[in-house]
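Chemist: Below are the sequence and a predicted model for it; my questions follow.
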Amino acid sequence: MNMENNRPETVKSVAGGMAIDTAVTGEKNLKMDGTEETTIKMSARNLDVFYGEKQALFGIDLDVPEQSVTALIGPSGCGKSTFLRCLNRMNDTIDGCRVDGDIRIDQSDIYDRALDVVELRARIGMVFQKPNPFPKSIYDNVAYGPKIHGLAQDKDELDEIVRSSLERAGLLKEVVDRLDSPGTGLSGGQQQRLCIARAIAVSPEVILMDEPCSALDPIATAHIEELIDELRENFTIVIVTHNMQQAARVSQQTAFFHLGILVECNATNEIFTSPSDERTQGYITGRYG
Amino acid sequence: MTTGHHIVKSYDDELKALNDTIIEMANLTEIQFESAIQALMNQDTELAYKIIKDDDRIDDLNHEVDEMTMKLLALRQPMAMDLRNVVAAIKISSDLERIADYATNMARRTVPLINEGTVIRPIHNIPRMGEAVIEMLKNVVDAYIAGDADKAVAVWHADKAVDEMYVSLFRELLTYMMEDASHITPCTHVLFIAKNIERMGDHVTNVCETVYYLVRGEPLREDRVRKTRTDRLLTDDIETKE
């Protein structure tokens, strides 16, 4: 692991062939449209990832702004999910996976040996492609995280966390009278919102979403998209999606990956109206690369 | 202009059909415009009526473009260059439709002017002005077909000369009208015709801006003093005369 302790105050980020000065995480930085200041929540610098001999990511430099949605797009095998999984060290669980480079949340290195991975994953929650509720009641699905992290002093406090998490996930009204029924009994869209409620119950700072809508119908997808839009008021969200319209709808920043390289990262509006790289253009317009 | 083909071939076909319709509209508009000048200079009433009638064809094409673009937006959800292409088609077709309308207006003015019977000298400046705008129109259509942003910018600048021609013709007509009150009616018709041509030039510059955006993905940013300059020149003119 390449862990540099004496980081310079600013680092060069290369996105879309253009070198720009960006602040390190936790510092104020200009927004894409140059109107407002925003804070960089997470940043990756010179990130290489290997699965055994095979290199999956090549020198990724990417900033994730706080309280906004960053969408990662690109063809299958481009490395976008690999990148997402680096952000909360999910790749640690894969044999033969090696991560070089630097990933920071609020300026602290997430690959620091002294760092508690369990605690890190409480700060950086994750929602997966297929809804995966625990084979427990709706209540216990949401209460599980706060319980193991000791976030509630008593039953009343736990009840309140469960209630507010379900509320924020837009699910409370639909399940309020059957909190003891199994989570697996809900519809696909409801299960996914239950997983989001479970993720936000431990009050994470960042939520990673890996194709959260690909197993859902358009109505359930619309509910999740609306939810993502609401959640960004309090959370920083990074979402991997194959659905470009979805990336266009929900995100403020879009990063295009291709063959393990970050080709271009820019304001979503720019990426979908006038991308600067030919490869991005080819991908989002549905042309041969 | 486009790089590579879409994986879904019918998408390419639809975009090509859209571009072809725009080009057809542009060609018909050119013909209408040339005919309008010809009808005026040759005192050809019959041709003037034909122009008025033929305008329907351009309106129909404009509606076709509207339908095609709506369909493309709804069914293909175009992105990036394709999106700019579709939006450009909507804008260019409406500019072309307006230019064709001005050609029709010219033809409508030509009929009473011919009936008036008096030939006034400043009318001879009309073809020169008309040719300048026709040249601009042809060049911007070439720029559209070739995806040539630089050419579009060159055409955009060429409009300055047209504005100047209009201002000078305006002054000449004023002098004519002051010399002899019986010139007022024909001079007013000629003045409106000249104004129509000047407006056509403005619509051509709109097309230039659209072509530039289509190719470069960013708006054409130049100081828009041109419009105010024309207006100022004219206002000053009136004020000094007063």
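Modeler: Cool, the structure landed. Since the structure is predicted, the reported quantities are computational estimates derived from the model, not experimental observations.

Chemist: does residue B:167 belong to a helix or a strand, and which?
Modeler: helix B:149-179 (DSSP states H and E).

Chemist: Are there helices or strands packed against that helix, and which ones?
Modeler: Under the contact criterion of 3 or more CB pairs under 8 Å, 6 or more residues apart in numbering or on different chains; DSSP states H and E, helix B:149-179 touches helix B:126-146, helix B:184-216, helix B:226-241. (Each C-beta comes from the backbone N, C-alpha and C, glycine too.)

Chemist: Looking at the helix or strand encompassing residue B:10 now, give me its mean pLDDT.
Modeler: If you go by DSSP H and E, residue B:10 is part of helix B:9-41. Mean pLDDT, helix B:9-41: 95.

Chemist: Also stretch B:196-214?
Modeler: 96.

Chemist: any idea how far that stretch is from the chain center?
Modeler: For stretch B:196-214, the separation from the chain centroid amounts to 7 Å (computed by CA atoms, centre = their mean, to the nearest Å).

Chemist: does chain A sit close to it?
Modeler: No: figure legend: stretch B:196-214 not in contact with chain A (CB under 8 Å from any CB of the partner chain); closest approach 8.7 Å.

Chemist: in stretch B:211-219, what counts as buried?
Modeler: By 16 or more other CB atoms under 10 Å in any protein chain shown, the buried positions in stretch B:211-219 come out as B:211, B:212, B:213, B:214, B:215, B:216, B:217.

Chemist: what are the phi and psi angles of the last one?
Modeler: Put plainly, it is residue B:217. phi 80, psi 10 (degrees, to the nearest 10).

Chemist: residue contacts, it?
Modeler: A:273, A:274, A:275, B:80, B:81, B:84 (CB atoms under 8 Å, 6 or more residues apart in numbering or on different chains).

Chemist: picking that back up, for the helices and strands packed on helix B:149-179, which one sits closest to residue A:148?
Modeler: Of all the helices and strands packed on helix B:149-179, helix B:184-216 sits nearest to residue A:148, with 54.7 Å by CB to CB.

Chemist: The closest one: how far from the chain's middle?
Modeler: Worked out by CA atoms, centre = their mean, helix B:184-216 lies 5 Å from the chain centre.

Chemist: which residue sits closest to the residue of the stretch 1-150 of chain A found nearest chain B in space, ignoring its chain neighbours?
Modeler: Of all residues in the stretch 1-150 of chain A, residue A:73 sits closest to chain B, at 11.0 Å by CB to the nearest CB. Leaving aside its sequence neighbours, residue A:73 sits nearest to residue A:247 (CB to CB, 6 or more residues apart in numbering or on different chains; 5.1 Å).

Chemist: OK, now which residue of the stretch 151-289 of chain A is nearest to chain B?
Modeler: For the stretch 151-289 of chain A, CB to the nearest CB, closest residue to chain B: residue A:274, 2.7 Å.

Chemist: mind listing what's buried in stretch B:39-55?
Modeler: Buried, per 16+ other CB under 10 Å, within stretch B:39-55: B:39, B:40, B:44, B:47, B:48, B:51, B:52, B:54, B:55.

Chemist: Same check on stretch A:279-289?
Modeler: A:279, A:280, A:281, A:282, A:283, A:284, A:285, A:286, A:287.

Chemist: Let me see the contact set for the residue nearest to residue A:73.
Modeler: Applying CB under 8 Å, 6+ apart, the residues near residue A:247 are A:71, A:73, A:239, A:241, A:254, A:268.

Chemist: now with 6 Å?
Modeler: A:71, A:73, A:241, A:254 (CB atoms under 6 Å, 6 or more residues apart in numbering or on different chains).

Chemist: Confirm it sits in a helix?
Modeler: Yes: counting by DSSP: H, G, I helix; E, B strand; the rest coil, residue A:247 is located in a helix.

Chemist: Give me the distance between it and residue A:84.
Modeler: Going from residue A:247 to residue A:84 by CB to CB, to the nearest Å gives 13 Å.

Chemist: Kindly report the same for residue A:122.
Modeler: Taking CB to CB, one finds residue A:122 at 17 Å from residue A:84.

Chemist: and what of residue A:184?
Modeler: For residue A:184, the distance to residue A:84 - CB to CB - is 25 Å.

Chemist: Looking at the two, which is more packed in?
Modeler: The neighbour comparison of residue A:184 against residue A:84 (other CB atoms under 10 Å in any protein chain shown) goes to residue A:84, with 21 against 16.

Chemist: what about the host helix or strand of residue A:265 and chain B, touching?
Modeler: Secondary structure assigned from DSSP H and E places residue A:265 in strand A:261-267. No: Strand A:261-267 does not reach chain B (CB under 6 Å from any CB of the partner chain); its nearest approach is 11.2 Å.

Chemist: What is that strand packed up against?
Modeler: When contacts are defined as 3 or more CB pairs under 6 Å, 6 or more residues apart in numbering or on different chains; DSSP states H and E, strand A:261-267 sits against strand A:54-65, strand A:253-258, helix A:278-284.

Chemist: Dump those into TSV; add distance to chain B as well.
Modeler: Listed next are these as TSV, based on distance: least, CB to the nearest CB, whole Å:
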stretch	distance to chain B
strand A:54-65	21
strand A:253-258	11
helix A:278-284	4
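
Chemist: Turn these into CSV, columns for mean pLDDT.
Modeler: Listed next are the helices and strands packed on strand A:261-267 as CSV, based on pLDDT from 0 to 100:
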stretch, mean pLDDT
strand A:54-65, 96
strand A:253-258, 96
helix A:278-284, 93
